[in-house]
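**Q** what would the 3D arrangement of this be:
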Amino acid sequence: MNDFLSLDEPVIGMVHLPPLPGAPEFGGDRAELVDRAIADATALESGGVDAVMVENFGDAPFYPDDVPTHTVASMTALVGAVREAVSVPVGVNVLRNDAEAALSVAAATGASFLRVNVHTGARVTDQGIVAGRAHETMRLRERLDADVAVLADVDVKHSAPVTPRETAEIVAETLERGLADGVVVSGVGTGEAVDRERLREVVTRRDDLAVDAPVVVGSGTTVESVSELLGVADGVIVGTALKRNGETTNPVDEPRVRELVTAAQS
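**A** Sure thing, here's the model as predicted:
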């Protein structure tokens, strides 16, 4: 089995990359990007997380779906560096919604999983309407013969539905027709808490479908909430709460990581 999917209730720590070359706020130092990525990833691993995920968080404003080749090259170099630095499974998210790039980076570097914000259906975002490409993503995985798990968001943060839809319908389409390996449930924005009732609804629908697919919380997990969330969900993705002073763009704070992991294990 894929080494990420075999994890039991994983705490997934975020490596939020600063702006990459080509992004408006890139600082001009490529070596510093590598150093920062490795430092954050190793702090997360030392603090006890079960996996890490690398994301081009600093690249705003984001391309809707197809990022340029220089972004793919930078992500490949940085994810590769993180893979060499840590022993836990590594994931990839290429914002805003370039699953083809994320899958290609993962396959090239030996990463274990990716997150795709819109896998099926369509969402209104600050990049316009972003449509899922499940048909392309899952066929590309077959062509690459890549053992990479696909985690797909259900009503991803920083977006709204094009038309109102039932949560049960979205979950079913994502898992049964989109063939995602797991689903992510997040709050309305970065660092925002997930709606507990909605989380339970997604888990219930997953159970009704009788599919072996984890439900992962995608935002807003804190030391205070992690134990409760893991009583419902199968894993959590944590970024902001693990950063120095709780600021998303700050470096990872290893003592904060250790504190949250301890709370999760309780």
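**Q** restricting to C-alpha, output stretch 233-241 in CSV.
**A** The C-alpha coordinates for stretch 233-241 follow below in CSV (Å, rounded to 0.1, in the frame of the first residue of the first chain):
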residue,chain,number,x,y,z
ALA,A,233,-11.7,12.6,10.8
ASP,A,234,-8.9,10.2,9.7
GLY,A,235,-6.1,12.9,9.6
VAL,A,236,-5.3,16.6,9.8
ILE,A,237,-3.3,18.9,7.6
VAL,A,238,-1.8,21.6,9.8
GLY,A,239,0.1,24.8,8.8
THR,A,240,-0.6,28.0,10.6
ALA,A,241,-0.8,26.5,14.1
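**Q** avg pLDDT for it?
**A** Mean pLDDT, computed over stretch 233-241, is 97.
**Q** measure the most far-flung residue of the chain relative to its centre to Glu55 for me?
**A** Distance from the C-alpha centroid of the chain peaks at Gly28, with 26.0 Å (C-alpha atoms, centre = their mean). Using C-beta to C-beta, to the nearest Å, Gly28 is found at 21 Å from Glu55. Glycine gets a C-beta too; all of them are placed from N, C-alpha and C.
**Q** now do the contacts for Asp253.
**A** 43, 242-245 (C-beta atoms under 8 Å, 6 or more residues apart in numbering).
**Q** those residues: which two are farthest apart?
**A** Ala43 and Asn245 (14.6 Å; C-beta to C-beta).
**Q** show me what the least confident helix or strand in the chain by mean pLDDT is packed against.
**A** When each helix and strand of the chain is scored by mean pLDDT, DSSP states H and E, strand 159-161 comes last, with a mean of 79. When contacts are defined as 3 or more C-beta pairs under 8 Å, 6 or more residues apart in numbering; DSSP states H and E, strand 159-161 packs onto strand 122-125.
**Q** outside of the next helix or strand along the chain from the strand it packs on, which residues touch it?
**A** Using DSSP states H and E, the next helix or strand after strand 122-125 towards the C-terminus is strand 128-131. By C-beta under 8 Å, 6+ apart, the residues outside strand 128-131 that reach it are 64-65, 96-97, 117-118, 121-124, 159, 162.
**Q** give the buried subset of those residues as a ChimeraX selection command.
**A** Remark: buried members of those, expressed as a ChimeraX selection using 16 or more other C-beta atoms under 10 Å:
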select :64,65,96,97,117,118,121,123,159
